[in-house]
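Chemist: sequence first, predicted coordinates after that:
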2 protein chains.
Amino acid sequence: MNTTNPFAQGCAFIDGGFVPAGEARIPVLDYGFLRSDATYDVVHVWNGAFFRLEDHLDRFLRNVGRLRMTLPMDRAALRTTAIACIEKSGLREAYVWMICTRGRPAPGSRDPRRCENRLIVMAVPYVPYADDEQRRRGLNVVIAKTVRRIPPESVDPTIKNLHWLDLEMALFEAYDRGAENAVLLDASDHVTEGPGFNVFCVENGVVLTPDRGGLDGITRRTTIELCAELGIPCRVEPIAKDRFLAADEIFFTTSAGGVLPVTRIEGRILGNGAPGPVTARLGERYHAWHREGRHATPVRY
Amino acid sequence: MNTTNPFAQGCAFIDGGFVPAGEARIPVLDYGFLRSDATYDVVHVWNGAFFRLEDHLDRFLRNVGRLRMTLPMDRAALRTTAIACIEKSGLREAYVWMICTRGRPAPGSRDPRRCENRLIVMAVPYVPYADDEQRRRGLNVVIAKTVRRIPPESVDPTIKNLHWLDLEMALFEAYDRGAENAVLLDASDHVTEGPGFNVFCVENGVVLTPDRGGLDGITRRTTIELCAELGIPCRVEPIAKDRFLAADEIFFTTSAGGVLPVTRIEGRILGNGAPGPVTARLGERYHAWHREGRHATPVRY
């Protein structure tokens, strides 16, 4: 990597030009900030290749439409811009954010229909969700007691959005309780998701993930496909808190690291404190898909 | 007003300096944007004087603490900065925003505890929530059917926050249904608030406003005090949707215009389409308090 490259710590496309990611700024008056009126997606780049870029583009474009916003460019140009951010940065392990904000209302107006929507595309260095030690021993997490996930009736979690205060407050609670992360429940005590990840558990050899209350994560989808490939039964259905806590294994999925084992929850130790066998198999196959170039869009640096 | 003043369309204090409000930008990487991890307050300036500035400072400082954030200045300096934004702008009718964002995490970190919190103070021209015609004939509103207000169990609405997607989607629904605005219900069909306003109704001469599910608005508080002054009974209690729809009068309260009458809801006409007598009395006294200089902090331009 060329260390004199101004984009070495990330590259953002905003308002028609490329700037170092750290210098990318949006107007305070943009409703994407003042009203968190925005949708986004994050695709990861591993070993110089995007993973499931087209799936992320599908989801992002669908969600832009669901929020009644319009991008200033078409899908092909968006793809080219995402790749250009990586090319300019030279990053081989990275995240590419795509964010569409409502924009700034016309002077004297509060009407969101009259805003010109803003697109931001931004490549930033990969920061693993869990470090090597956490991956080896598994995460220590809690079920948040002080906050519930924002319900789909208020903000649809499948429209990937920046409404994270509940997730942030759950993180603070986890830290207070000596844990590393938190899973949030819905109003009926079913597990939903956590800050930046979907949740799974394994019960009598069956992999389970909630059917609602969280994002339809791309890594969640990959995990369901990995189960099919490996012949592991997988069901998408409601998971009550007590059932989740009694599971044989628990793991999280995120584009920021794939399959992340959990070995302590609410102080209870799972699998003698080592990642469970199903979690380990899925994690290995997840990395194998990357090594094998599945769903890869290589970048020409 | 000096039209060559670069701050004539607003003045913002951000990252230690003053810039025209339209040029104020925050880093895309600030969690205040990427996670809507922020709290804010908006105080209005009328005829060259802040209204209830100390009450807004009280609430803002309390909420900054509740989100475990720290301002880069104390209360006295914050007050001085808010006044300076107005002085520099020369605006005599304005809003002053105070926003505290989580800030940007340390490189390689996702830990919100390690962020340096950011303060933005911004004076912008007053944009009335309702125009003269709407004030005269009353607003035409709906009860949102497609979305519920984010519940206090997820994001505490008394910590004034930028989680507005539910409110924004309710606005789109209102427009689709030929109305001007929307009131949101909670999960148990009780009224909460709308985009930027608290709700009230009048039932047999008694003024009612919900006890939970919405912001503890400063204009709401003023209205409760106005009722006391005028000898109008006022109760803060749960209001079911059907009871609200059957009320004699409905009005909204907001710093962006005071007491706003509603004369059509769900297609039903209230009070023969003219603002009700209790609403009108409260609106008149609200303006009288301003004219009389109650709770005023005059600005020396």
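Modeler: That came in fine, so what should we check first?

Chemist: all contacts plus neighbour counts: C-alpha atoms, from now on.
Modeler: Will do.

Chemist: which residue does the stretch 201-301 of chain A bring closest to chain B?
Modeler: Nearest to chain B in the stretch 201-301 of chain A, going by CA to the nearest CA, is A:Ala256, at a distance of 11.4 Å.

Chemist: who in chain A is up against chain B?
Modeler: Residues of chain A lying near chain B by CA under 8 Å from any CA of the partner chain: A:21-29, A:32-37, A:67, A:108-109, A:112, A:127, A:146-151, A:153-155, A:162-166, A:168-169.

Chemist: out of those, name the ones that lie in strands.
Modeler: A:Arg25, A:Ile26, A:Pro27 (DSSP state E).

Chemist: as a markdown table, these with pLDDT would be great.
Modeler: Output for these, formatted as a markdown table (pLDDT from 0 to 100):
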| residue | pLDDT |
| --- | --- |
| A:Arg25 | 98 |
| A:Ile26 | 98 |
| A:Pro27 | 98 |
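
Chemist: name the nearest residue to the residue nearest the centre of chain A, ignoring sequence neighbours.
Modeler: Nearest residue to the geometric centre of chain A (CA atoms, centre = their mean): A:Gly196, 4.7 Å. In this structure, A:Gly196 finds its nearest non-sequential neighbour in A:Thr254, 6.6 Å apart by CA to CA, 6 or more residues apart in numbering or on different chains.

Chemist: check contacts around the one you found.
Modeler: Counting by CA atoms under 8 Å, 6 or more residues apart in numbering or on different chains, A:Thr254 touches A:Gly196, A:Phe197, A:Asn198, A:Gly217, A:Ile218, A:Thr219, A:Arg220, A:Leu260.

Chemist: bridging residues for it?
Modeler: A:Gly258 (DSSP bridges).

Chemist: related to what we said a few turns ago, buried subset of the residues of chain A next to chain B?
Modeler: Buried residues within the residues of chain A next to chain B, counting neighbours by 16 or more other CA atoms under 10 Å in any protein chain shown: A:21-22, A:24-29, A:32-37, A:67, A:112, A:127, A:147-151, A:153-155, A:162-166, A:168-169.

Chemist: do you know the pLDDT at the residue nearest to A:Val19 when sequence neighbours are not counted?
Modeler: Distances taken as CA to CA, 6+ apart place A:Ala12 nearest to A:Val19, at 5.3 Å, with adjacent residues excluded. Looking at A:Ala12, its pLDDT reads 98.

Chemist: show me what A:Ala12 is bridged to.
Modeler: A:Val19, A:Met122.

Chemist: show me chain A divided up by domain.
Modeler: A:11-125, A:132-291 (automatic domain parsing).

Chemist: export those to a markdown table and tack on distance to B:Ile99?
Modeler: Output for these, formatted as a markdown table (distance: least, CA to CA, whole Å):
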| stretch | distance to B:Ile99 |
| --- | --- |
| domain A:11-125 | 9 |
| domain A:132-291 | 15 |
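
Chemist: out of the ones you listed, which is closest to B:Gln134?
Modeler: domain A:11-125 (14.6 Å; CA to CA).

Chemist: neighbours of A:Arg291, just the number please.
Modeler: 12 (other CA atoms under 10 Å in any protein chain shown).

Chemist: same check on A:Gly258?
Modeler: A:Gly258, neighbours per other CA under 10 Å, totals 24.

Chemist: ok, it - contacts?
Modeler: A:Thr219, A:Gly283, A:Tyr286, A:His287.

Chemist: switch these over to a markdown table; also include distance to B:Tyr95 and secondary structure.
Modeler: Below are the contacts of A:Gly258 laid out as a markdown table (distance: CA to CA, whole Å; DSSP: H, G, I helix; E, B strand; the rest coil):
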| residue | distance to B:Tyr95 | secondary structure |
| --- | --- | --- |
| A:Thr219 | 44 | helix |
| A:Gly283 | 52 | helix |
| A:Tyr286 | 52 | helix |
| A:His287 | 52 | helix |
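
Chemist: so which of those residues wins on neighbours?
Modeler: Result: A:Thr219 is most packed of these (other CA under 10 Å), 22 neighbours.

Chemist: go ahead and confirm A:Pro157 touches A:Gly214.
Modeler: Yes. In this structure A:Pro157 lies within contact range of A:Gly214 using CA atoms under 8 Å: 5.3 Å.

Chemist: so for the two, which residue has more residues nearby?
Modeler: Counted by other CA under 10 Å, A:Pro157 and A:Gly214 do not tie: A:Gly214 has more neighbours, with 26 against 21.

Chemist: any idea how far A:Thr146 is from the more buried one?
Modeler: A:Gly214 sits 18 Å away from A:Thr146, taking CA to CA, to the nearest Å as the criterion.

Chemist: hang on, the earlier thing: let me know the secondary structure of the residue of the stretch 201-301 of chain A closest to chain B.
Modeler: What DSSP: H, G, I helix; E, B strand; the rest coil gives for A:Ala256 is coil.

Chemist: ok, it - how many residues close by?
Modeler: Neighbours of A:Ala256 using other CA under 10 Å come to 21.

Chemist: now do the contacts for it.
Modeler: With CA under 8 Å, 6+ apart, A:Ala256 has these contacts: A:His44, A:Tyr126, A:Val127, A:Pro128, A:Tyr129.

Chemist: now tabulate these in CSV and tack on pLDDT.
Modeler: As requested, the contacts of A:Ala256 are exported to CSV (pLDDT from 0 to 100):
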residue, pLDDT
A:His44, 98
A:Tyr126, 95
A:Val127, 92
A:Pro128, 90
A:Tyr129, 91
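
Chemist: chain B: which of these is nearest?
Modeler: Checking those one by one against chain B (CA to the nearest CA), the nearest turns out to be A:Val127, at 5.6 Å.

Chemist: can you show me the helices along chain A?
Modeler: A:31-34, A:53-66, A:75-89, A:132-137, A:165-176, A:218-230, A:241-245, A:277-291 (DSSP state H).

Chemist: now, of those, which is deepest in the fold?
Modeler: By mean neighbour count, with neighbours taken as mean count of other CA atoms under 10 Å in any protein chain shown, helix A:31-34 ranks first of the helices of chain A at a mean of 26.

Chemist: what's that one packed up against?
Modeler: strand A:94-101, helix B:31-34 (3 or more CA pairs under 8 Å, 6 or more residues apart in numbering or on different chains; DSSP states H and E).

Chemist: average pLDDT across it?
Modeler: For helix A:31-34, mean pLDDT rounds to 98.

Chemist: just the CA trace of that helix, in CSV.
Modeler: C-alpha atoms of helix A:31-34 as CSV (Å, rounded to 0.1, in the frame of the first residue of the first chain):
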residue,chain,number,x,y,z
TYR,A,31,-32.5,15.3,7.3
GLY,A,32,-30.3,12.2,7.1
PHE,A,33,-28.7,13.7,10.2
LEU,A,34,-31.4,15.8,11.8
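
Chemist: off-centre distance for it?
Modeler: 21 Å (CA atoms, centre = their mean, to the nearest Å).
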